[in-house]
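K.L.:
Structure for this input, please:
(chains A and B)
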Amino acid sequence: MATIAPQPPKRQLSDNDIFAAMEPHDSGAFANNTTPLIRNTWYACARSTEIGRTPLARKFLGVDVVLYRTLDGQPVAMRNRCPHRSFPLARGKLLGDKLVCGYHGMEFGTDGVCSKLPALANVPATASVRTFPIADRGPLTWIWMGSPDLADEALIPDTWWLSDPNWGTVTGDFHINADYVGMHENLIDQTHFPFLHPDTVGTPEYARSKLTASTESNQVVIRRELLNCAPPGVYGKPADIMDKRVDRTSEARFVSPALHTAYARVRVHEPDEGKPGLYRYNITHVFTPETNNSIHYWWFNSRDYLPEDEAIDTFMLEAHTQAYSEDVEALEWINEVVRTDGEEQFDLSFAPDKPGLMARRIMYKLAMGEAR
Amino acid sequence: MQDKYLNAIVVGRRALTDRITEILIAAQDGRALPPAEAGSHIELRFGGEDGRFLRHYSVVGALTAGSAPEPFWRIAVQRENRARGSAFIHGNFVVGTHLRVSRPLNAFRLMRHRPKTLLIAGGIGITPIFAMARSLDARHENFSAVYVGLERATMAYVDELETLCGDRLSVVQTEYDGIPDLKALLAKQPEGAQVYVCGPGGMIEALVAAAAELGWAPDRIRYEVFNAAHSPEDEGFEVRLKDGMTIPIGAGMTILDALEARGVETYADCRRGECGLCTTAVIACDGELDHRDHFFSDEDKAEGRQMTICCSRIRGRVLELDI
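P.N.:
Numbering: from 1, shown residues only, chains lettered A, B, ... in the order given. Next up is the predicted model:
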């Protein structure tokens, strides 16, 4: 007689199981303009020269913040909202290192603790306003809007070239009505160059140059190499090599939710006597979401030659202001459509969109990791 | 104005020692809680038929070091023999228990960029100190910690703290090692060291005295005074209101809580004798007023015409209030 192995009882599939099986995998999720903003990261809050002895009000990640400097120059960031009756503290005044509320005169020290409450003899220990870790690094000041207990200053992204006297840097800034996820995707997507920026960085053959994309930890890197080509005007003209053949290598990197860096390296095939054979340009895009639909944006273009040359500065400033204005305009148009068009639409994606989707997936995971 | 309190629910409970229980608290609607940083405390309001309680507890911080904020707050409660609030928590809090809880308040701020930070915990005072050690470690700041308790078995989080701090931690078991020499401890700290202490009142006083003997500026020793509303020696008394209503005030209850429970219209905010909102005129008292607030001046207290009903009591049997 054959023995029959005991079988587990057959379980009827319930509707719940079926719907659960139909749920898309979480790995298919990408950050967009509705994803919660990522808090636990260092963001730029201002040019370091913008913060001084006049309280500066600015909004980061939807939170109103006031920035100022102490008498010995240390930056301070606190909520721009008195804990008593929500008067904006930036409308008060500085008294030494303390910020005095313009409504009832409560005085707050650099650690946010109230040291004087004119209407009471003793200040309640709980009278304090939230402060945010803040630190200067070269031309920028950085803020941490997340848990202060995780705000390790060693995590502030390194942008040493912005303060190096051997590099010449031009810079500008914008306040943009757009979504910062779209901004990151725009920067790591170089196939739009010939169309949105035909007069500056976009040469036709560049769009078809071989691209490699990879992720390194929570960063996304793309590299391109275009050998034996004409230099693009934006890099060839200031170096005075428009008549040369060059090899053009570039890298673009999603560094963090706050930073995108890129470099372009131009190797001249037959450099003129006494002139460099290699030119390097570092491009630094620093931005902070003000809300899900607005961004503070600072850009820097740095070159490793002729740092004091005013003519080159003027040329670089004009060319890049034009290119980035084109990006800003495009992102604002896109944001307008996404927010106001009555009929929803899912974006199509193509092969060259992979780097942007990689960055958006990282941002989604970072955001969801914080917003549980 | 936003409500200071939100509806919360107990989502976890475990015993840390014979007398200390860890409680995980989440928002009842499942939403993310407002952020709590190292040193923050929350007010817990709870109660049943036995009475109403308000207690302050420091937030211990995430279960996983260095992780993003978790969807709950963690507190640790020591059962005190004569304190009914902690006994109530130990006896009644289970997963699913509903509470009212305040948004986090921080009156015990950890400063940044100090040359050195010294953390000192005594007994259950470890709760804010543990969160501070986590913060300093995550941010690579220079610190050391001293954890004083009767003996290891009575000390919550001692293993976790050892793992986190390594050589930076000294564990003192007074049962075997005796009372630590706080003056010697302070004397060997480098220039500019900032000290945070949480523990029994006597320990904080001894540390403040040691710092004064060494000529330290007072603000180099930071500590938090939770309310003095409850003491094991407290006895019950009675409050009479203008309309003749008489309300018994139990030994572990505040006047404010008892009045609120009876539906008397009151005003209060801090509930720890600082803001003065609950200040009430005294009509008569058959004993001495026992002022426990930091709101009135010594002269005000001596006059005895007003008291803060959130924490002050009487040494007597009947108190008549102008309510």
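K.L.:
then stretch A:233-249 to PDB, C-alphas only?
P.N.:
Output in PDB follows, covering the C-alpha atoms of stretch A:233-249 (Å, rounded to 0.1, in the frame of the first residue of the first chain):
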ATOM      1  CA  GLY A 233      32.000  77.200 -27.700                       C
ATOM      2  CA  VAL A 234      31.400  77.500 -24.000                       C
ATOM      3  CA  TYR A 235      34.700  75.800 -23.200                       C
ATOM      4  CA  GLY A 236      36.700  76.400 -26.400                       C
ATOM      5  CA  LYS A 237      36.300  80.200 -26.700                       C
ATOM      6  CA  PRO A 238      37.600  81.200 -23.300                       C
ATOM      7  CA  ALA A 239      40.600  78.800 -23.700                       C
ATOM      8  CA  ASP A 240      41.100  80.200 -27.200                       C
ATOM      9  CA  ILE A 241      41.200  76.700 -28.800                       C
ATOM     10  CA  MET A 242      38.300  76.900 -31.200                       C
ATOM     11  CA  ASP A 243      40.600  75.900 -34.100                       C
ATOM     12  CA  LYS A 244      41.700  72.700 -32.400                       C
ATOM     13  CA  ARG A 245      40.500  69.200 -32.300                       C
ATOM     14  CA  VAL A 246      39.900  67.900 -28.800                       C
ATOM     15  CA  ASP A 247      38.900  64.900 -26.700                       C
ATOM     16  CA  ARG A 248      36.000  65.900 -24.400                       C
ATOM     17  CA  THR A 249      35.300  63.900 -21.300                       C
END
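K.L.:
Find the centremost residue of chain A, please.
P.N.:
Nearest residue to the geometric centre of chain A (C-alpha atoms, centre = their mean): residue A:258, 2.9 Å.
K.L.:
residues contacting that one?
P.N.:
Residues near residue A:258 by C-beta atoms under 8 Å, 6 or more residues apart in numbering or on different chains: A:41-44, A:142, A:157, A:286-288. Yep, even glycine has a C-beta here, placed from its N, CA and C like the rest.
K.L.:
Distance to chain B, pLDDT and secondary structure for those residues - can I get that in a markdown table?
P.N.:
Converted to a markdown table, the contacts of residue A:258 look like this (distance: C-beta to the nearest C-beta, whole Å; pLDDT from 0 to 100; DSSP: H, G, I helix; E, B strand; the rest coil):
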| residue | distance to chain B | pLDDT | secondary structure |
| --- | --- | --- | --- |
| A:41 | 11 | 97 | coil |
| A:42 | 12 | 98 | strand |
| A:43 | 16 | 98 | strand |
| A:44 | 19 | 98 | strand |
| A:142 | 14 | 98 | strand |
| A:157 | 16 | 96 | coil |
| A:286 | 22 | 98 | strand |
| A:287 | 22 | 97 | strand |
| A:288 | 19 | 98 | strand |
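K.L.:
now these in JSON lines, with neighbour count?
P.N.:
Below are the contacts of residue A:258 laid out as JSON lines (neighbours: other C-beta atoms under 10 Å in any protein chain shown):
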{"residue": "A:41", "neighbour count": "24"}
{"residue": "A:42", "neighbour count": "25"}
{"residue": "A:43", "neighbour count": "26"}
{"residue": "A:44", "neighbour count": "25"}
{"residue": "A:142", "neighbour count": "28"}
{"residue": "A:157", "neighbour count": "17"}
{"residue": "A:286", "neighbour count": "26"}
{"residue": "A:287", "neighbour count": "24"}
{"residue": "A:288", "neighbour count": "27"}
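K.L.:
count of neighbours near the residue nearest to residue A:251 when sequence neighbours are not counted?
P.N.:
Spatial nearest neighbour of residue A:251, excluding adjacent residues (C-beta to C-beta, 6 or more residues apart in numbering or on different chains): residue A:223 at 5.0 Å. Look at residue A:223: counted by other C-beta atoms under 10 Å in any protein chain shown, it has 14 neighbours.
K.L.:
Just name the shakiest helix or strand of chain A by mean pLDDT.
P.N.:
Using mean pLDDT, DSSP states H and E, helix A:15-22 stands out as the lowest-scoring helix or strand of chain A, at a mean of 62.
K.L.:
The residue nearest to residue A:251 and residue A:248 touch, don't they?
P.N.:
No. Look at residue A:223 against residue A:248 with C-beta atoms under 8 Å: they stay out of range, at 11.6 Å.
K.L.:
Chain B contacts on the stretch 1-150 of chain A?
P.N.:
A:40, A:111-113, A:120-122, A:124-126, A:128, A:130, A:133, A:146-150 (C-beta under 8 Å from any C-beta of the partner chain).
K.L.:
I only care about these that end up buried; give me the PyMOL line for that.
P.N.:
Of these, the buried ones go into a single PyMOL selection, burial set by 16 or more other C-beta atoms under 10 Å in any protein chain shown:
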select buried, chain A and resi 40+111+112+113+124+125+126+128+130+133+146+147+148+149+150
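K.L.:
Next step: the residues of the stretch 1-150 of chain A next to chain B restricted to strands.
P.N.:
Of these, none are assigned to strands by DSSP state E.
K.L.:
ok, what's across the strand from the residue nearest to residue A:251?
P.N.:
residue A:212, residue A:251 (DSSP bridges).
K.L.:
Output the contacting helices and strands for the host helix or strand of residue B:171.
P.N.:
Per DSSP states H and E, residue B:171 falls inside strand B:169-173. Other helices and strands packing on strand B:169-173, by 3 or more C-beta pairs under 8 Å, 6 or more residues apart in numbering or on different chains; DSSP states H and E, are strand B:143-149, helix B:158-165.
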